[in-house]
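K.L.:
Mind looking at a prediction? Sequence and model below.
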Amino acid sequence: MTAIGRPIKNPITVLWHQTERASVELMDTATNPADGTPIAFRASGTGPAVVLLHGTALSQAVWRGFGYVKALQGDHTVVTLDFRGHGRSGKPHDSAAYTMPLFLGDVLAVLDTLGIASAHVAGYSLGGRVAFSLAAAHPERVLSLTSIAGAPGTGHGAFDRVFFPGSLAALERGGMPAFLAEWEQASGRPLDPVTRGAFSVNDPVALAAYMRAAEQEPRIPDAQLAALAMPVLLLAGTRDPERLHAAQHVHALLPASELLVLEGATHADTPRQPEALEALRRFLSR
């Protein structure tokens, strides 16, 4: 069996080990066969696979920073990846390279490279939107779906609402320095060093191309959402009204889903809430 034109790697044979820890880790790159974009990923731990998908302008590193990898890898094979246009993955400058089918192909390429037929999928923000789309388009690959401040669609002006009015224009006009400066000005306070560091390493042309494409991407129809048969967990903060409304809407379509509303949580800090990680751990254990 092959994946993306080469033999599937056995994670056990290519992983490095540390003598004082039981888990193992693989760092590698998969290739999306649709357009050849390389996708960086990591896999660690043992057990049923769970894929963690990051948000806009971030990278797979956030899942280590927020404690998810450490918390989950004792019972699961934890797979993280950098979306196209982010982290160490390929960064096309053409908006046509950022359609949802290509994002889904990136995730499937990583799973195929690892020889994983199906996995639990959890995504934050952009990652939540990709997770919804993956569950709708390829339900046979998704054991369960967790949306952390995610939604089944973005819509025009979404990034202005998440970051600040004129955010995309600032990025295109002055790159990451202008984007970060105007974000701080709009918020009235300095960005924390972790956020500033994570955002500053982005390729502004690739990021703008992705954001332009995302605003044109159609949302998943309600009929497809209502047909999802896998277990679903929805997490959203009270200070993130757009994603909270989306979570409540999906919950109404899927009454068997679980909805956890995090009091006082904004869009940015929802995945950092201890309750969010604990809810995911309980959900996966079932």
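P.N.:
Cool, the structure landed.
K.L.:
quick one: the helices in the stretch 151-286 of the chain?
P.N.:
158-162, 167-187, 193-200, 204-214, 222-226, 241-253, 274-285 (DSSP state H, counting those that start in this stretch).
K.L.:
Can you report how many residues lie near the closest residue to residue 267 other than its chain neighbours?
P.N.:
Nearest residue to residue 267, sequence neighbours excluded (CB to CB, 6 or more residues apart in numbering): residue 240, at 4.1 Å. Placement of C-beta: from N, CA and C, glycine included. By the criterion of other CB atoms under 10 Å, residue 240 has 23 neighbours.
K.L.:
and residue 240, how far is that from residue 121?
P.N.:
For residue 240, the distance to residue 121 (CB to CB, to the nearest Å) stands at 21 Å.
K.L.:
residue ranges for the helices of the stretch 1-150 of the chain, please.
P.N.:
Taking DSSP H, counting those that start in this stretch, the helices of the stretch 1-150 of the chain run over residues 11-14, 61-65, 68-72, 100-114, 126-137.
K.L.:
for the ones you listed, which one ends up most surrounded?
P.N.:
helix 126-137 (a mean of 25; mean count of other CB atoms under 10 Å).
K.L.:
for it, what is the average pLDDT?
P.N.:
Helix 126-137 shows a mean pLDDT of 98.
K.L.:
now stretch 27-34
P.N.:
96.
K.L.:
Can you get me a residue count around the nearest residue to residue 204 once chain neighbours are set aside?
P.N.:
In this structure, residue 204 finds its nearest non-sequential neighbour in residue 175, 4.1 Å apart by CB to CB, 6+ apart. Residue 175 has 17 neighbours, counted by other CB under 10 Å.
K.L.:
gap between residue 175 and residue 206?
P.N.:
From residue 175 across to residue 206, the span is 11 Å (CB to CB).
K.L.:
you'd agree residue 33 is up against residue 108?
P.N.:
No - applying CB atoms under 8 Å as the test, residue 33 and residue 108 come out as separate, 9.5 Å apart.
K.L.:
What is the neighbour count of the nearest residue to residue 196 once chain neighbours are set aside?
P.N.:
Nearest residue to residue 196 in three dimensions, chain neighbours excluded: residue 180, at 6.2 Å (CB to CB, 6+ apart). Counted with other CB under 10 Å, the neighbours of residue 180 add up to 19.
K.L.:
again, but for residue 229
P.N.:
The tally of other residues near residue 229 (other CB under 10 Å) stands at 10.
K.L.:
Could you do the one 3 residues further on as well?
P.N.:
By the criterion of other CB under 10 Å, residue 232 has 24 neighbours.
K.L.:
tell me which residues form a beta bridge with it?
P.N.:
Using DSSP bridges, the bridge partners assigned to residue 232 are residue 145.
K.L.:
hang on, the earlier thing: what residues are up against the residue nearest to residue 196?
P.N.:
191, 196, 199, 200 (CB atoms under 8 Å, 6 or more residues apart in numbering).
K.L.:
Check residue 87 too.
P.N.:
40, 54, 59, 60, 61.
K.L.:
so what's the nearest residue to the fourth one once chain neighbours are set aside up against?
P.N.:
Which is residue 60. Excluding its sequence neighbours, the residue lying closest to residue 60 (CB to CB, 6+ apart) is residue 80, at 3.7 Å. Applying CB under 8 Å, 6+ apart to residue 80 gives the contacts 41, 42, 43, 51, 52, 54, 60, 63, 64, 69.
K.L.:
which of those residues are buried?
P.N.:
Among the contacts of residue 80, those classed as buried by 16 or more other CB atoms under 10 Å are 41, 42, 43, 51, 52, 54, 60, 63, 69.
K.L.:
which intervals of this structure have sub-threshold pLDDT?
P.N.:
1-24 (pLDDT under 70).
K.L.:
rewinding a little: report the beta-bridge partners for the residue nearest to residue 60.
P.N.:
Note on residue 80: beta-bridge partners by DSSP bridges are residue 42, residue 52.
K.L.:
Distance check, it against residue 133.
P.N.:
18 Å.
K.L.:
what's the answer for residue 213, then?
P.N.:
Using CB to CB, we find residue 213 at a distance of 14 Å from residue 133.
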